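Visitor: Sequence first, predicted model second:
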Amino acid sequence: MNATMTLEEYKMIFYLDYIYRLIARFVGLIVTIPLLCFLLNGIIPY
């Protein structure tokens, strides 16, 4: 850990990481939900 890092600097890094993870989860859902629908409807053979 960086001993010279302030709490405000840590919060900034923490929230940026949190937002990044939320965006990644939404992108995963945007890809996964249609894929499952296409598989279940037989549009994509498995």
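Guide: Cool, got the structure.

Visitor: Could you measure from the most centrally placed residue in the chain over to residue 31?
Guide: Centroid-nearest residue in the chain, with CA atoms, centre = their mean: residue 24, separated by 1.9 Å. Noted for residue 24: a distance of 11 Å to residue 31, by CB to CB, to the nearest Å. The C-beta positions use only the backbone N, C-alpha and C, and glycine is treated the same way.

Visitor: for the residue nearest to the centre of the chain, phi and psi?
Guide: Torsion angles at residue 24 (phi, psi; degrees, to the nearest 10) stand at phi -60, psi -40.

Visitor: pLDDT value on it, please?
Guide: Note for residue 24: predicted pLDDT of 98.

Visitor: Equivalent analysis for residue 43, please.
Guide: So, for residue 43, pLDDT stands at 95.

Visitor: Equivalent analysis for residue 1, please.
Guide: Residue 1 is assigned a pLDDT of 68 by the prediction.

Visitor: For residue 26, identify the helix or strand it belongs to.
Guide: helix 7-41 (DSSP states H and E).

Visitor: how far does that helix sit from the chain's center?
Guide: 2 Å (CA atoms, centre = their mean, to the nearest Å).

Visitor: Using neighbour counts, pick out the buried residues of it.
Guide: Along helix 7-41, no position meets the burial threshold by neighbour count (16 or more other CB atoms under 10 Å).

Visitor: can you start the count at 629 instead of 1 from here on
Guide: I'll keep to 629 as the first residue from here, and by that count the last item is helix 635-669.

Visitor: what residue ranges in this structure score low on pLDDT?
Guide: For the chain, residues meeting the criterion pLDDT under 70 lie at 629.

Visitor: 90 instead, please
Guide: Within the chain, the ranges that satisfy pLDDT under 90 run 629-631, 673-674.

Visitor: For residue 655, give its distance to residue 647.
Guide: Going from residue 655 to residue 647 by CB to CB gives 13 Å.

Visitor: again, but for residue 656
Guide: For residue 656, the distance to residue 647 - CB to CB - is 15 Å.
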